[in-house]
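1. need coordinates for the following:
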Amino acid sequence: MRVSDLMTPATLLDYDRLKANIRFMSARARDNGVSLRPHIKTHKCLEIAELQKNFGAAGIAASTIGEAQHFARNGFKDITLAVPIAQDKMPAIKQLAVRADLKILVDHPTSVSHLVSALKGTKMELDVLIKVDCAYGRSGVDPSKRSSIRLVERISKARRLRFAGLLTHGGHSYSATSEEGIIKAADDESQAVLQFASLLRKENPNLAPETISIGSTPTMMVRDVIADGITEVRPGNYVFFDYTQVALGMCRAYNCALTVLASVIGSFKDRLVVDAGATALSMDEGPTHIHPDCGYGKVFSDYEEGAFAKSTTITALSQEHGKVAIGRDSPLKKAKPGSRLRILPNHSCLTANLTDEYYVTSGAEVIDIWNVYRRRIVT
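-> Numbers count the residues shown, from 1 in each chain. Next comes the predicted model:
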C-alpha cells in the first residue's frame, strides 16, 4: 500500500526516523551509565516499546493503570506507574502487582495510609517511589522540608511497603524560551533529587534511595552528560518529537517521526480547509511562548527534507475541520480539494492518543500498521 492510497486523516509514522530517535536516546543513556525507562504514554504501542527494549530500555513508565495492565499482559514486567495514585485504584494496583514488578508513586501521607490499608492481610509487598517537586510546581514533595523526610521514614517502617527511591520530572522545561532555560530546568531536576538523597543519607543511611529517576525529553536532549548520582531517565516524547520540540531547539523538523496526513476539502483565496481537525491533531496550542502565531501544527512543503510551507498557518480547528491560512507566497496557493497535506502536530503525545493505529511508512510506502492502546481498565 502507498501513502497516497490512505483514507484521511491518517496518522503516519516514519520507521527510519522512529528507529533513529530510539537509537539516539538509548545511546545517551548507555554512554552515561544510567538505565533508560521510556515513558510509553507517548506512543501506547507494543511494537514501539519492543523496539525500545531491543535497544536497551530497562523497563517502562506508564501514566495510567490501563496502560500498565496492557503492557504487563504483553510481556513487559518492569513497570513504574509514574503518576501518584488515588484510593479507588488500589484494587487494580494489587492485581497488577501480581503480574508485574511494579513501582508506584507517593507524595502524601494519606496515600501511604491508603496503601497500608489496601495491603492489610495480604503477603504482597509494593515498591514505593517518592515523587519530588523540582520547581515544576505540579506534584511531589518539597525536598527541602522535614516533612518529606518523615514521609520516607513512614514508608520505610510500613508493613508491606518498601522505599525504592526518588523520582522527579522537569516538566517546566517545556515553558523555557531558550536553551539556557532548558539547562536550568535540567539542573533543577537533577539537584532536587540528588540533594534530597543526600539529606536522607545523612538522616539515616538505611534511607539511601536505590533509584534516583529523572526525565523529560528536553532535559535529556539539552545536555550530553547526565549528573553523577542519577540512576535512571524517563523521557517519552523523543520517539516521535513534534513541533514543540522543534521550537525548543531540541530537534530538527527532519527528526520528527509522527505526522498527520490530511486532505484538502475546501479551497479559497486566503485559506484551505482540511479534514484533520481537533479529533486528529488535538487542540494543543503549541509553543506560543516562543512563536505566538505557530498555529495548531506545521504544514510541510517537503517532509522528506524537513521543510515547512512558508506563509502557511493552521489558524483554527473544529472537531473535523482544520482551517489553513495561506499567504501570497505559500506553496499551497494552488492546492485544490483532494490535495494532500502532511502536518507536524504541536504535541505528538496528544495526537497519538487520538488515533487507533499508526501507518508505518518508509518513503511513500506503508510497510505496516501498528495498533495504539485504547484507554480502559480491566478489573
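
2. so what pairs up with residue 316 in the strands?
-> With DSSP bridges as the criterion, residue 316 is bridged to residue 323.

3. neighbours of it, how many?
-> 16 (other Cβ atoms under 10 Å). In short, each C-beta sits where N, CA and C put it, glycine included.

4. from what I can see it touches residue 285, true?
-> No. Residue 316 is beyond contact range of residue 285, at 11.4 Å (criterion: Cβ atoms under 8 Å).

5. quickly list what's touching both of the two.
-> residue 296 (Cβ atoms under 8 Å, 6 or more residues apart in numbering).

6. can you pull out the low-pLDDT segments for the stretch 1-150 of the chain?
-> Nowhere does the stretch 1-150 of the chain drop to pLDDT under 70.

7. what ranges do the strands span in it?
-> Applying DSSP state E, counting those that start in this stretch to the stretch 1-150 of the chain gives strands spanning 10-14, 35-36, 60-62, 78-81, 101-106, 126-131.

8. return the most buried member of the ones you listed.
-> Mean neighbour count (mean count of other Cβ atoms under 10 Å) peaks for strand 60-62 among the strands of the stretch 1-150 of the chain, with a mean of 26.

9. contact partners of that one?
-> Contacts for strand 60-62 (Cβ under 8 Å, 6+ apart): 37-41, 49, 52, 68, 71, 76, 78-82, 234, 236.

10. run the chain-centre distance for it.
-> 10 Å (Cα atoms, centre = their mean, to the nearest Å).

11. cool, stretch 32-44 as well?
-> 9 Å.

12. quick check: end-to-end length of it?
-> 27 Å (Cα to Cα, to the nearest Å).

13. may I see the buried residues of that stretch?
-> Neighbour-count burial for stretch 32-44 flags 32, 34, 35, 36, 37, 38, 39, 40, 41, 42, 43, 44 (criterion: 16 or more other Cβ atoms under 10 Å).

14. about what we covered before: export the strands of the stretch 1-150 of the chain to TSV and tack on distance to residue 334?
-> Shown next, in TSV, are the strands of the stretch 1-150 of the chain (distance: least, Cβ to Cβ, whole Å):
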stretch	distance to residue 334
strand 10-14	23
strand 35-36	46
strand 60-62	46
strand 78-81	51
strand 101-106	53
strand 126-131	53
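
15. any idea of the mean pLDDT for the top strand by length along the chain?
-> The strand that spans the most residues within the chain, counting by DSSP state E, is strand 258-267. For strand 258-267, mean pLDDT is 99.

16. only the buried residues of that strand, if you could.
-> Buried, per 16+ other Cβ under 10 Å, within strand 258-267: 258, 259, 260, 261, 262, 263, 264, 265, 267.

17. quick one: contacts for the closest residue to the fifth one other than its chain neighbours?
-> Residue nearest to residue 262 in three dimensions, not counting chain neighbours: residue 276, with 3.7 Å by Cβ to Cβ, 6 or more residues apart in numbering. Each residue near residue 276 by Cβ under 8 Å, 6+ apart is listed here: 8, 9, 260, 261, 262, 322, 343.

18. ok now stretch 201-214, how far from the chain's centre?
-> For stretch 201-214, the distance to the chain centre is 26 Å (Cα atoms, centre = their mean).

19. distance from the centroid: which residue in the protein tops it?
-> Most distant from the centre of the chain: residue 269, at 38.5 Å, with distances by Cα atoms, centre = their mean.

20. which of the helices or strands spans that residue?
-> For residue 269, there is no host helix or strand (DSSP states H and E).
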